[in-house]
Structures are given as C-alpha cells and as structure tokens.
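Colleague: A predicted structure for the sequence below; I have some questions about it.
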Amino acid sequence: MTRSQPPAEKLDFKRILPIIVIVFVDLLGLSIIIPLLPLYAARFSATPMVIGILQATYPLMQFVGAPVLGRLSDRFGRKPVLVLSQIGTLFGFILLGFADTLTLLFLSRIVDGLSGANISTAQAAIADSTNEKTRTQGLGLVGAAFGLGFVFGPVIAFIVLAATGQNYQAVAWTAALFSLVSILLTIFWFRETLTAESMPASARRPFSFDAMIDALRRPQIGFLLILMLFYQIAFGGYEQLFSLFTLTRLGMDARDTSGLFALAGVFIIVVQAGFVGRWSKQKGDRWLVTVGTSVLAIGLIGTSLTPGVPVPWYDQAQVLERLAGEGQVRVSVQEIQIQLPDQSARGWLGILWLLIASFPAALGGGVLHPAVNSLITKSSDKSEVGGMLGISAAMYSAANAIAPLFYGFLFQWLGAPVPFFAGGMILLVLWLIAPRFIVKQTESLAKV
C-alpha cells in the first residue's frame, strides 16, 4: 500500500488555476512585443545605447509603481489592483499601436511600467493560496505560465509579422487584444484570495520607500533582495538585448529571433512546471539558487562566445528592408544605424553554438526567480507578503532598468559579446557568495 501525501503538502491546483491562466494570457501580450521592440526602435534611427534606454524605461517606471501597488494589494485586495495594472498595460499597448516616432515608443513603455504590478500581484495571490511546502511549486507554475507565454507569444508575433508584411503596429494591436482578454478573465473568473482575517492593521499602512530600506536591513530578506537585483541585472540585459545581439551577430530579424524565444519558452515550461516544485521539495530552494546561478553564468558566457557567422538564409538587403517597414511607417534604410554582419561568410556554426548556450541560460533563468521569491515569502509575515513581493518586484524592475543601460553601453562601445560575458561574470560571483548567506537565513528560519 502507498501512503497518501498529507493534504497540507499538496498544491490546491483548482484554486490557483485562474491565476495561472491570467498570467499566461497577460504574458502573451508582453512576449509578443519583446522580440521586436529593439528592432522597432532601430527603425527610428535608435543606436544600441538609445535602445538600451528604451528597454530601461519600462522597468524603471515599474520600480516606482510596483511596490506601491503591492502594498495597495495588501490593503484593498489582489483583484482590484490586478485589474488596475492590467488596464495600464492595455493603454500602453494601444499607444504602441499608434507609435510612429521614437517618442511614442518611450511613452508607451512609461504608461505600461507605472501600472506594471501584474506579476507581483499574481505572485502575492499564489502566496495567499499556498503554504510553505507548496509555495515554491505554485510560484514555479507562475513561472511556467511565463514560459508558456514566451512559447506562444513569439509564435503569434511571427505569424502576425508574416501575414502583415512586417507590420509592427499589427503586433502591438494583437498584444492589446490579449491584454483586454486578461482584464475580462480577472473580472469574471478570478476570486479574491486575500481575506479580511489576513489584512491586519499593519497591512493598512501606505507604502513608503522606508519600507524598502527596512526590508533590505532584515537578515532573512535583505540578501535575497540584493541577490534578485544583481542576478536580474545579468539576466535582464540578456533578455532585453538578445534580439539585437542575434541581429548584429547572426543577421537574424524579428521572425527568426521569435523562434529562439519560443524554443527557450518550451524549455522553461518543462523546467518550471515539471521540475522546480520537485527539486524544491527534494533539494531545497538554496540548492535551486546555487544551481541556477551557475548554469545561467555558463549560458551567458557561452552566448558571448557565439561565433559571428550569419545564418545560412541571411540576406543583408532583405533584413534592412524588413527593418525599414512598409506604408506610412516606412523609414529610409539609410536611417538605420545598426551594423549588420557581412553575408559572405554564412553558415550553421553561429546558430548551432547559440542554441547550445541558450539551454543553460533558460534553465538558470527558469529556476532562480521562483526560488528567490519563495524564500522571500517564507521569510515574511503573512500580512506583508504582498508588500514584500512588491519590493522584490521593485528590485527586479530596478535591475531591468539598469541592465539594458549597462548592456547597451558595453554593446555600443566594446562590441556585442562583451555585455553578455560581463553578465556571466556577475553570476559567477553570485554563485560563489550566495550559498553561505542563504544557509544562514535557512538556519535562522528553522529556529522561528
């Protein structure tokens, strides 16, 4: 006879299913535009440094908005804050659909960023719906929804681009449609997870940045927040400038890069849905963090060493024409300031190397985020989980604001491989120091 698992150790999948589906649909909208945003900016004469600033705009605004909305979700509930943030995302995509200048591109990212608490609020709802034994698995499923979004989003972007002749506005309107669907799902399907009993007076204090400083001073949480900041500086720059790297190194345009994003998303789904929860229970979150930092470092350093061999189907003139666009939004090819590779040395070496390097990068990125956030929630009082996850999201957003500036500067002045190598070195340092600090935290938690 087999002994059944105690109910407390089983994840209530039915309870969290609406959250997972909403995150998936929400991420479809975001992942549709990620592969093309740097190329969209290149159309309007943006240099790698300007593209880095554009990519930093959204997380910088999110750094301001996410902790405030996280604390508001502790006070007023997850559902109203989630709907509010989704409406902001919808308006951001609508502005992107109308964008015919670099200024409107920046404005669309500002609007979306200021209201960008979608994910941190969903993570808080997961924390409400799980216990310490099932929380990492629940957060891992949120990450799997991320991965699923990153599979289907780029595929949808590829289809839309192919059907509309590289019309980037059409992709933005498609993203807006998925954002609208996520709003409707939240309004009519999602049930509030925060009960009146779990909203004591301490949760009703308004957010202040003193709360962030206080969180950083806590021995059980401060290092995890710093870890979130620095690992995401390394990984965030990789994510945000990957399409620019593949364009300048391998001659791959938005449709080609969308396929790589989809492949990475499949791998992340397998890892986060099938292994993160199991590994967390068997090995612990500390082990996940150690493995995640090491393999992500290998992936980024491997990416930086990708040979500059354009893909076999690369045609420089065709890529420039696709970047220039069509119709009223078409720009002159001469205005594009991105240096493309020479097509005389095409081959398979570059793309095969990059595919191999992408697997450890996807594995590391897939396990780190849920593991770190799980440790943060386990170190927090139940009444402040939303606020702490909001601060975690703020650190994540601050990293995503720093990363493209850091990567963009190195990209423009030292060459495409240098920022990815630097990101890998940052992760190697984290790999060396993280286990010692996390051991102290887990020992402290065991005494509580």
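Modeller: Nice, thanks for sending it over.
Colleague: burial measure for residue 165, as a count.
Modeller: Other residues within reach of residue 165 by the criterion other C-beta atoms under 10 Å amount to 11. Quick note: C-beta positions are derived from backbone N, CA and C, even for glycine.
Colleague: same thing with residue 69?
Modeller: By the other C-beta under 10 Å criterion, the neighbourhood of residue 69 contains 25 residues.
Colleague: Now it: phi and psi?
Modeller: Dihedral angles phi and psi of residue 69 (degrees, to the nearest 10) take the values phi -70, psi -30.
Colleague: So for it, what's the pLDDT?
Modeller: Note for residue 69: predicted pLDDT of 75.
Colleague: Surely it is in contact with residue 391?
Modeller: No - the pair residue 69 / residue 391 is not scored as a contact, 11.6 Å apart, by C-beta atoms under 8 Å.
Colleague: how many neighbours does residue 28 have?
Modeller: By other C-beta under 10 Å, neighbour count at residue 28 equals 26.
Colleague: Am I right that residue 298 is in contact with residue 359?
Modeller: No - counting by C-beta under 8 Å, residue 298 does not reach residue 359; the two are 9.6 Å apart.
Colleague: Tell me which stretches of the stretch 151-300 of the chain form helices.
Modeller: Under the criterion DSSP state H, counting those that start in this stretch, helices of the stretch 151-300 of the chain are mapped to 168-188, 209-217, 222-250, 254-271, 277-283, 285-304.
Colleague: rewinding a little: so residue 298 and residue 359 - more neighbours on which side?
Modeller: Here residue 298 and residue 359 are compared on neighbour count by other C-beta under 10 Å; more neighbours surround residue 298, at 19 against 16.
Colleague: List the contacts of the nearest residue to residue 345 once chain neighbours are set aside.
Modeller: Closest residue in space to residue 345, ignoring its immediate chain neighbours: residue 309 at 6.0 Å, by C-beta to C-beta, 6 or more residues apart in numbering. Residues counted as contacts of residue 309 (C-beta atoms under 8 Å, 6 or more residues apart in numbering) are 250, 345, 346, 347, 348, 349, 350, 351.
Colleague: Over to residue 58?
Modeller: Residues in contact with residue 58, defined by C-beta under 8 Å, 6+ apart, are 109, 110, 112, 113, 116, 400.
Colleague: sec struct for it, please.
Modeller: Three states are possible here, and by DSSP: H, G, I helix; E, B strand; the rest coil the one that applies to residue 58 is helix.
Colleague: can you pull the pLDDT of it?
Modeller: Residue 58 is given a pLDDT of 82.
Colleague: Distance of it relative to residue 126?
Modeller: Spatial separation of residue 58 from residue 126 under the definition C-beta to C-beta, to the nearest Å is 23 Å.
Colleague: Check residue 394 too.
Modeller: Computed with C-beta to C-beta, the distance linking residue 394 and residue 126 is 18 Å.
Colleague: out of those two, which sits in the more crowded spot?
Modeller: Regarding residue 394 and residue 126, a neighbour count based on other C-beta under 10 Å identifies residue 126 as having more, with 31 against 28.
Colleague: In terms of helices and strands, where is that one?
Modeller: Using DSSP states H and E, residue 126 falls within helix 118-128.
Colleague: tell me what that helix is packed against?
Modeller: Counting contacts by 3 or more C-beta pairs under 8 Å, 6 or more residues apart in numbering; DSSP states H and E, the secondary-structure elements packed against helix 118-128 are helix 13-33, helix 48-76, helix 78-98, helix 135-164, helix 385-414.
Colleague: on that earlier part again, just the ones of the contacts of residue 58 in helices?
Modeller: Among the contacts of residue 58, DSSP state H puts 109, 110, 112, 113, 400 in helices.
Colleague: how far away is the last one from residue 284?
Modeller: The span separating residue 400 from residue 284 equals 27 Å under the rule C-beta to C-beta.
Colleague: sorry, back to before: the helices and strands packed on helix 118-128 into CSV, with extra columns for distance to residue 339?
Modeller: Written out in CSV, the entries for these read as follows (distance: least, C-beta to C-beta, whole Å):
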stretch, distance to residue 339
helix 13-33, 24
helix 48-76, 9
helix 78-98, 26
helix 135-164, 23
helix 385-414, 10
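Colleague: returning to what we had before: chain center to the helix holding residue 126: distance?
Modeller: Relative to its chain's centre, helix 118-128 lies at 15 Å (C-alpha atoms, centre = their mean, to the nearest Å).
Colleague: Need the contact partners of it.
Modeller: Contacts of helix 118-128 with the rest of the structure, by C-beta under 8 Å, 6+ apart, involve 16, 19, 22-23, 26, 66, 69-70, 73-74, 78, 81-82, 85-86, 89, 135, 138-139, 141-142, 190, 193-194, 198, 373, 377, 385-386, 389-390, 392-393.
Colleague: Put the buried members of these into a PyMOL selection.
Modeller: When burial is assessed using 16 or more other C-beta atoms under 10 Å, the buried subset of those is captured in PyMOL by this command:
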select buried, resi 16+19+22+23+26+66+69+70+73+74+78+81+82+85+86+89+135+138+139+141+142+190+193+194+373+377+385+386+389+390+392+393
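Colleague: element containing residue 426?
Modeller: If you go by DSSP H and E, residue 426 is part of helix 417-447.
Colleague: so that helix versus helix 385-414, what angle?
Modeller: Angle, helix 417-447 to helix 385-414, by axes from the mean of the first three to the mean of the last three C-alpha atoms, to 10 degrees: 160 degrees.
Colleague: re the thing from before, among the contacts of residue 309, which ones are in helices?
Modeller: Secondary structure defined by DSSP H assigns 250, 349, 350, 351 of these to helices.
Colleague: Now restrict those to buried residues only.
Modeller: Among these, those classed as buried by 16+ other C-beta under 10 Å are 250, 350, 351.
Colleague: What residues does the last one make contact with?
Modeller: In other words, residue 351. Residues in contact with residue 351, defined by C-beta under 8 Å, 6+ apart, are 250, 252, 309, 311.
Colleague: Tell me which helix or strand the last one sits in.
Modeller: Counting by DSSP H and E, residue 311 is held by no secondary-structure element, helix or strand.
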